[in-house]
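> Fold the stuff below for me.
(one chain, ligands or ions: 1)
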Amino acid sequence: MITREDCIRQDSGDSLAPLRALFALEGADAEGVIYLDGNSLGVLPRAAARRIGEVVEGEWGRGLIRSWNTAGWITLSQRIGDKLAALIGAGSGEVMVADSTSVNLFKALNAARFVMTPGRTRLISEVTNFPTDLYIAETFAREHGLELVLVEQSGIAAHLDDRAAILMLTHVNYRTGFMHAMTEVTRAAHNAGAVVIWDLAHSAGAVPVNLREAGADFAVGCGYKYLNGGPGAPAFIWAHPSHLTAMDREDWRQPLSGWLGHAAPFDFTPHYRPARGIARFICGTPPVIATAALECGVDTVLAAGAHGGMTAIRQKSVALTDLFMQLIDQRCAAHGFTIVTPREADRRGSQASIAHPHAGYAITQALIARGVIGDFRAPDILRFGFTPLYTRFADVWDAVDRLAAVMTSGEWRDPRYAIRATVT
Ligand SMILES: *Cc1c(COP(=O)(O)O)cnc(C)c1O
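Now for the predicted structure:
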């Protein structure tokens, strides 16, 4: 039996523990809130509120339009892209932060079309991929005469044949937390002559990623999850340097050919000429305030560098998710839950999901009422994200303790917990 004391002992030996102070969690702590939803919206970094104040009052308020040059607003997207590159095994000048993950995926799919094997007809993805990825892919495929083929995870390999043009996958599944072996899957796709796009929405800042080593072609990802960039933070896009070189042709078009992706935006010429390198993936003016907030979030993950870096983050993430699953076995086995996240550590990201046959939403709501914030993903998944920068082992113990209480008391049956909000 694991005790709370065991968890407290683990916390006292945790090299990442000091990083919790980088986050504005005093409100949550005062209210006894345990936040296990950093996989959906990361916690506010303490530095972000200060930094946004500075950007608004100093750079915008006093600097006015001069700040595009004097405060470096115009290079912000690439500068933060360079910082983020270190977390995903990319080089400097290969990553841009911009737009949303959905929009960047559309750009990446279009880029993939330029480097895919001509004559191939299939865009392959997983039927369990995050819906926005599938929706973007569906329209993209229709526009370009490709067939969108949606397969189960176990069916991917069998579909890598001479019809496969593009394989587009999310590294860590948003519902189950299943994690693909990026290097092996990329190699198999390349052996079949397909281009690979990875969505790192649930990976960046959460699990070690090495895009270059994996030989991936393109990647996109999210700024507001484990990167703690704030609600609606800009997303990012990466292209392998060899593709960036190959794209340096006038006829290589980004479908969203906006002025800031132009080779010389301030020449104000009437015709589009793409910028070189990753800069061509930019469309319009960056949201400076949101981008500044994202930088504070990325900095929180980079701050782990002095405490063991991504290796320490991963170690703790595996330990937290392991602990959660063991405690579910120990405390909640009788309540009808099934753990859907892989037990093998190298097969999962930094979340743990449990399915409940009919009451997942109500249980999630009752648990939130007891101060444990996770979320619900239809039809039956209770999802818990573990952010090693601020989640403590004792938090995991308390969360499962309260879940056990919600189940034994039956309080989840209260009709008010069955009322579905817009965002689940
Ligand atoms: C969170 C998430 C997104 C979010 O896309 P937005 O365009 O930022 O809304 C996209 N894809 C995956 C796999 C996600 O998990």
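> Pull the contacting residues for residue 208.
89, 310-311, 314 (CB atoms under 8 Å, 6 or more residues apart in numbering). Every residue, glycine included, has its C-beta placed from N, CA and C.
> got the phi/psi numbers for it?
Main-chain dihedrals, residue 208, degrees, to the nearest 10: phi -60, psi 130.
> Which pLDDT value goes with residue 420?
Listed pLDDT for residue 420 reads 88.
> Pull the number of nearby residues for residue 201.
For residue 201, the neighbour count with other CB atoms under 10 Å is 26.
> host element of it?
Here residue 201, judged by DSSP states H and E, is contained in no helix and no strand.
> which one is it nearest to, not counting chain neighbours?
Distances taken as CB to CB, 6 or more residues apart in numbering put residue 222 closest to residue 201, at 4.0 Å, once the chain neighbours are dropped.
> before we move on, the earlier item: in helices, which of the contacts of residue 208 appear?
With DSSP state H as the criterion, helices contain 310-311, 314 from among the contacts of residue 208.
> Format these as TSV; extra columns: neighbour count.
Output for these, formatted as TSV (neighbours: other CB atoms under 10 Å):
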residue	neighbour count
310	22
311	10
314	19
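> Check those residues one by one and keep those near the ligand.
Among the ones in helices among the contacts of residue 208, not one lies near the ligand by CB under 6 Å from any ligand atom.
> Residue of the stretch 201-350 of the chain nearest the ligand, please.
Among residues of the stretch 201-350 of the chain, the one nearest the ligand by CB to the nearest ligand atom turns out to be residue 201. It sits 3.3 Å away.
> Kindly report the residues of this structure close to the ligand.
So far as CB under 6 Å from any ligand atom goes, the chain lies against the ligand at 100-102, 130, 132-133, 170, 174, 199, 201-202, 222, 235.
> try 8 Å
With CB under 8 Å from any ligand atom as the criterion, the chain meets the ligand at residues 40, 99-105, 129-130, 132-133, 170, 174, 199, 201-202, 220, 222-225, 232, 235.
> Buried by neighbour count, from those: which ones?
Applying 16 or more other CB atoms under 10 Å to the residues of the chain next to the ligand, the neighbour count classes 40, 99-105, 129-130, 133, 170, 174, 199, 201-202, 220, 222-225, 235 as buried.
> Inside strands: which ones of the residues you listed?
170, 199, 220, 235 (DSSP state E).
> What residues does the second one make contact with?
Listed by CB under 8 Å, 6+ apart, the contact set of residue 199 reads 101, 105, 129-130, 133, 168-171, 219-221.
> again with the last one
By CB under 8 Å, 6+ apart, the contact list for residue 235 reads 97-101, 103-104, 220-223.
> Same list (the residues you listed) but as CSV, adding pLDDT and distance to residue 15.
Converted to CSV, these look like this (pLDDT from 0 to 100; distance: CB to CB, whole Å):
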residue, pLDDT, distance to residue 15
97, 98, 29
98, 98, 34
99, 98, 35
100, 98, 34
101, 98, 31
103, 98, 37
104, 98, 33
220, 99, 31
221, 98, 26
222, 98, 26
223, 98, 26
